[in-house]
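[1] my questions concern the predicted model and sequence given below.
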Amino acid sequence: MHFTKMEGLGNDYVYVNCFEEKVDDPQRLARLLSDRHRGVGSDGLILIGPSDKADFSMAVYNSDGSIAEMCGNGIRCVCKYVYDNHMTESRRISVETLAGIKYLRCISGDRRQSIVTVDMGAPEIGRDRMTVDAALTEKMLEERIDVSGKMISFIRVSMGNPHAVVWLDGLDVACVTDGEKTMSIGALMEKHDAFPSGTNVEFVRVIDRDLIQIRVWERGSGETMACGTGACAAAAACMAKNYTNNVVTVQLGGGELHIEYDRNKKTINMTGPARKVFDGQVDIFSQEE
Ligand SMILES: N[C@H](CCC[C@H](N)C(=O)O)C(=O)O
């Protein structure tokens, strides 16, 4: 089976073109190929396929094989992939995902790296799934849960996939790194019963009204160098708390994303890089768990 390794800010996935390949058990394949010692090594697997509602479809599997509704860094790489492989002549494409149809634009690029803007849709904030503007007037946005004896305050945000946004200033950073296992709070929150479908966890430090820094513990993949939906969720939560303006730079371990909230459409636009690493092929029948 042919695949392409791509990454967005170090959030790396194995991409398979399902116009040409057939993948019978994508959840098992994701686990096999994501293994950084016995497989290709990635944060997960992304299948590019046809759609009768959009130009293409994208299916996202975390490194543990679980299904993700959406992937921000991944969908930018899908845009690069289909453009570079002449599967479209347009720099504007639509992609069907489990979080709805997303609209993308390839702004610039060359064989190695492209810059892509994505309309990530409307963030839903808090238990009542409010828009950013409605959340601004809500006094009780935060929720508090007991995480192994520590009371953690967070804001729930959906970008089609679930996120819990935690401000580091209110948190002893030491409990984010617990001995050998970094992001232990993230690992514990990921499967906390406050989140029926699990959750991605963003730890946020607000630098000023134009800049935030985040670390992300991803549902199904653990700590990653970047998370596009996580950056959007963290930015939306900061905007809802009026900690930042509607245009903000999000600094992640792997680099920066430019996030803009469109007040009229009530949607979030994310702009960032997408890079091809290499093409490869793997004999999937010789792989075993
Ligand atoms: N890395 C992805 C997010 C994957 C989300 C996945 N971990 C889940 O929701 O289960 C991104 O750039 O948005």
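    Done, it's in.

[2] what are the phi and psi angles of the closest residue to V82 other than its chain neighbours?
    Nearest residue to V82, sequence neighbours excluded (C-beta to C-beta, 6 or more residues apart in numbering): T88, at 5.2 Å. C-beta here means a position set from N, CA and C on the backbone, and glycine is covered the same way. Main-chain torsions, T88, degrees, to the nearest 10: phi -150, psi 150.

[3] wait, T88 sits on V78?
    No - between T88 and V78 there is no contact under C-beta atoms under 8 Å: 10.8 Å.

[4] in terms of neighbours, single out the busier of the two.
    Between T88 and V78, counting by other C-beta atoms under 10 Å, V78 is the more crowded of the two (28 against 14).

[5] and the closest residue to that one other than its chain neighbours, what element?
    The shortest distance from V78 to any non-neighbouring residue, by C-beta to C-beta, 6+ apart, is to M58 (5.2 Å). Taking DSSP states H and E as the criterion, M58 maps to strand 56-62.

[6] what's that strand packed up against?
    helix 26-34, strand 44-49, strand 67-68, helix 72-84, strand 92-97 (3 or more C-beta pairs under 8 Å, 6 or more residues apart in numbering; DSSP states H and E).

[7] OK, contacts around the residue nearest to V78?
    By C-beta atoms under 8 Å, 6 or more residues apart in numbering, M58 lies in contact with I46, L47, I48, G49, C71, G74, I75, V78, V95, E96, T97.

[8] run a quick neighbour tally on the third one.
    What it means is I48. 24.

[9] and what of the fourth one?
    By other C-beta under 10 Å, 15 other residues sit near G49.

[10] ok, the second one next?
    The burial count assigned to L47 is 20, neighbours taken as other C-beta under 10 Å.

[11] next up, the contacts around it.
    So, once contact is read as C-beta under 8 Å, 6+ apart, L47 ends up touching Y15, V16, C18, V23, P26, S57, M58, A59, Y61.

[12] same thing but at 6 Å, please
    L47 sits next to V16, C18, A59 when contact means C-beta atoms under 6 Å, 6 or more residues apart in numbering.

[13] check the third one too.
    Residues in contact with I48, defined by C-beta under 6 Å, 6+ apart, are N17, V78.

[14] against D55, how distant is it?
    To D55, I48 is 11 Å away according to C-beta to C-beta, to the nearest Å.

[15] how about the secondary structure of V250?
    Under DSSP: H, G, I helix; E, B strand; the rest coil, V250 falls in the strand class.

[16] what's around it, how many residues?
    Counted by other C-beta under 10 Å, the residues lying close to V250 total 28.

[17] ok, now the one 3 residues further on?
    The tally of other residues near G253 (other C-beta under 10 Å) stands at 16.

[18] how many neighbours does the nearest residue to it once chain neighbours are set aside have?
    Excluding its sequence neighbours, the residue lying closest to G253 (C-beta to C-beta, 6+ apart) is M225, at 4.4 Å. By other C-beta under 10 Å, the residues close to M225 number 18.
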